[in-house]
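**Student:** predicted model and sequence below, questions to follow.
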Amino acid sequence: MLRIRNLSTSIDGKPILRGLNLDVHAGEVHAIMGPNGSGKSTFAQVLAGRDIYKIVADELSFDGRDVLGMAPEIRAREGIFLAFQYPVEIPGVSNLYFLRAAVNAVRGHRGLPELDAVDFMSHAREQAKSLGIDDVMLKRSLNEGFSGGEKKRNEILQLKLLEPRLAILDESDSSLHIDALRVVADGINAMRSPDRAIIVVTHYQRLLNYVVPDHVHVLLGGRIVRSGGKDLARELEDKGYGWLEQEHERSECKPDRAQPPREVAS
Amino acid sequence: MQARQGAATKRGRIVSTMVAEQNVYATQFSSIREWLPGSHLPWVEQLRQKGMAEFLALGFPSTKLENWKYTNVAPIRRITFEPAIDHSLSFIPELDSFPRPRLVFINGRFVPALSEVDAEFNCHLRTLGEALGDPKRLSIIEKHLGRYTNLSDHAFAAWNTAFFTDGAYLEIPRGLAVEHPIHLVFIAAGESDPWACYPRNLIVAGEDSQITFVETFIGSNNTVYLTNTVTEIAAGPNAVIDYYKIEVESCQSFHVAAINAHLDRDASLTSHSISFGGSLVRNDLNVSLDSEGAYCTLNGLFAVDGQRLADNHTRIDHLCPHASSRELYKGVLAGNAEGVFNGAIVVHENAQKTNAVQHSKNLLLSKQAQINTKPQLEIRNNDVRCFHGATIGQMDTDGIFYLKSRGIDEREAKKILVRGFAAEIIAGVRIPTVRERLEHQLDSWLKRVLEAS
């Protein structure tokens, strides 16, 4: 479904991703893990079409079609969805209005009739209920004044309503207490299906106890340095990222590469 | 040096044409004055003459005056506007969204056929011209008309005082709460432009009374005219006034408005001033909190594009202790448009415990659009709580990306963000029909602006 070959990105001349390769097939759940600054969020944003990066790749295709030339809204309509790490607050625009505009944009593209306000309301209410989102939250301004957990649940609501083919969840577990984490994880698990792929981007292994991945990849210094099964996540939880970082640096220690300044523990 | 000489010559020429231009209006005045309402009343006659004299003395304001620094009225000065005489019905907008009671004026003159006033209506809702012919109302009108407008300070208001044709006279007796909003619809229509309309409204709200009224200014497209309007509001003790001014004039037109309100003890005024049309729009809204506990909320929204200019000047005078004011003006600017917000809050010596908050927020949709925003706090005692702030921002690119990532296209994403920005003002409009019309108005403005870019 998703095929990435030698993807590199930079911003203001500063490289972030450096030759990333990945294959994701329908029905799979992939976890991308890595320490802060490893390029996880950039990877997620690039897939969704954020245009602030300079992007070079041999291939970035979705169902065999080139993604790089697609505008973000086209990617979304084609079935790529990003749950944001930091959902944007939009004052004055009701959550419900936004959700309906998004759903109808995607439905229109798929040749389905638009949902009117009444039909949409009952549909949205039903999906929202399982995430503990009430009518008040549906009617509030989009993300404005939402708590961290409310924002994350609202992203999962969008996932459920938009029914994408590829869902990228960027740190959907951060700033969640354990009950909310279960709600979010249940929401994600409910979306697992043979014709849908999910990429879970996370710093911690915690979410992966609930959303068990088929593949785990470790992103370090802008490339995937190790891939494995779900046990790799547990190994990282026990040992941290340090051992991989050292290995990675050894392999990177080539004369043409300037080492970034290292912080010295005092 | 050469440039300076050129400027001097130019200035000399401007001075002489300016005198000539005002003389044109002096001539107009002497030929029409006897047909204007109230011409049989010596005090009205005197008021008009005073207005004319002040207009001639002041001349058109130049950008050297602090209050007109960013608003060059040369386009108005250059044109000779004839007083509107024909009120032909060539352009009548749809009036269903202005439910009764409503008074309709075309080019500043009352049109009974389009107006709807219930006979049993329990307050004095009529036209100013009519009221000036009613001996029972005269003493009250004389007490208020022209009293709240400083003629020596505002040339356009002085001009209106000389030329005013008609407008609404609303007198709300003590203790009466008027249930339905009163719609005052001012339509500019005509073929032989340029012409000028001079509406004049007087609202006298008695003690404990309550009233909502909406002034809507509408013009047919591509006609050149000037609306020079003045509204005076006197709010008695504990009166509650909800005032809306909605300006959707023709894009070629000029609109200059002065609204002067005086609030007695515990009276409250909520004003929504919303501007969508006009090539040059200037609103002066002055509120005087004359007595303790008076309260005003001034909300404003202006949307300008192309080469247009919208200027909102407000002034709130806190004259007594324990009075409060809230103010929020929002501007959306596109193309080469210019916007001005100047909000003065003057807290006088005696006005201890004043509470005043003022915000000016502006959204620029293009690199060329300009906003000059100037909050002015003048505080003459030290026992007050005052706050003001101004922001100028561009379209939030994170917001646009967020919406696009949900399948919404760029144009729609921009519309959603601007609607969200304007919602803070529009959502505060408490009359559903008016609110819907404004939402619709904003949408068609956005459509025009975003399709042009």
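**Tutor:** Everything's here; your move. Numbering: from 1, shown residues only, chains lettered A, B, ... in the order given.

**Student:** what's across from residue B:256 in the sheet?
**Tutor:** residue B:228, residue B:282 (DSSP bridges).

**Student:** surely residue B:272 meets residue B:425?
**Tutor:** Yes. Using C-beta atoms under 8 Å, residue B:272 makes contact with residue B:425 at a distance of 6.9 Å. Heads up, the C-betas are built off the backbone N, CA and C, glycines and all.

**Student:** joint contacts of these two?
**Tutor:** B:299-301 (C-beta atoms under 8 Å, 6 or more residues apart in numbering or on different chains).

**Student:** what parts of the stretch 151-266 of chain A come near chain B?
**Tutor:** A:158, A:162 (C-beta under 8 Å from any C-beta of the partner chain).

**Student:** what is the neighbour count of the residue in chain A positioned nearest to chain B?
**Tutor:** Residue nearest to chain B within chain A: residue A:92 (3.2 Å; C-beta to the nearest C-beta). By other C-beta atoms under 10 Å in any protein chain shown, 20 other residues sit near residue A:92.

**Student:** what of residue A:231?
**Tutor:** Around residue A:231 there are 9 residues (other C-beta under 10 Å).

**Student:** name all residues that make contact with it.
**Tutor:** Applying C-beta under 8 Å, 6+ apart, no residues contact residue A:231.

**Student:** that one: what secondary structure?
**Tutor:** What DSSP: H, G, I helix; E, B strand; the rest coil gives for residue A:231 is helix.

**Student:** for residue B:390, helix, strand, or coil?
**Tutor:** Under three-state DSSP, residue B:390 comes out as strand.

**Student:** quick one: it and residue B:371 touch, right?
**Tutor:** No. Using C-beta under 8 Å as the test, residue B:390 is too far from residue B:371 to be in contact (9.1 Å).

**Student:** surely residue B:130 is in a helix?
**Tutor:** Yes. According to three-state DSSP, the state of residue B:130 is that of a helix.

**Student:** can I assume it is in contact with residue B:168?
**Tutor:** No. Under the criterion of C-beta under 8 Å, residue B:130 is not in contact with residue B:168, lying 10.1 Å apart.

**Student:** so for the two, which residue has more residues nearby?
**Tutor:** residue B:168 (25 against 15).

**Student:** okay, residue B:24: pLDDT?
**Tutor:** For residue B:24, the model assigns a pLDDT of 91.

**Student:** what sits closest to it if chain neighbours are left out?
**Tutor:** residue B:80 (5.3 Å; C-beta to C-beta, 6 or more residues apart in numbering or on different chains).

**Student:** residue B:193 is in contact with the one you found, correct?
**Tutor:** No. In this structure, residue B:80 is not within contact of residue B:193 by C-beta under 8 Å, at 11.2 Å.

**Student:** who's more crowded, the two?
**Tutor:** residue B:193 (19 against 12).

**Student:** in the helix or strand residue B:45 falls within, what's buried?
**Tutor:** Secondary structure from DSSP states H and E places residue B:45 in helix B:42-58. By neighbour count on 16 or more other C-beta atoms under 10 Å in any protein chain shown, the buried set for helix B:42-58 is B:44, B:47-48, B:50-52, B:54-56, B:58.

**Student:** try stretch A:3-12
**Tutor:** Under the neighbour-count criterion of 16+ other C-beta under 10 Å, stretch A:3-12 has A:3-4, A:7-10 buried.

**Student:** which residues touch that stretch?
**Tutor:** By C-beta under 8 Å, 6+ apart, stretch A:3-12 touches A:15-24, A:39, A:42, A:46, A:52-61, A:222.

**Student:** ok, the residue lying closest to residue B:263 once chain neighbours are set aside to chain A distance?
**Tutor:** Closest residue to residue B:263 apart from its sequence neighbours, by C-beta to C-beta, 6+ apart: residue B:294 at 4.0 Å. For residue B:294, the distance to chain A (C-beta to the nearest C-beta, to the nearest Å) stands at 30 Å.

**Student:** state the distance from residue B:294 to residue B:210.
**Tutor:** 15 Å (C-beta to C-beta, to the nearest Å).

**Student:** more neighbours, the two?
**Tutor:** More crowded of residue B:294 and residue B:210, by other C-beta under 10 Å: residue B:294, with 29 against 17.

**Student:** show me which residues of chain B sit near chain A.
**Tutor:** Residues of chain B lying near chain A (C-beta under 8 Å from any C-beta): B:396, B:398-399, B:401-410, B:412-413, B:416-417, B:419-424, B:427.

**Student:** what about the helix or strand harbouring residue A:108, average pLDDT?
**Tutor:** Using DSSP H and E, the element containing residue A:108 is helix A:95-109. The average pLDDT within helix A:95-109 is 96.
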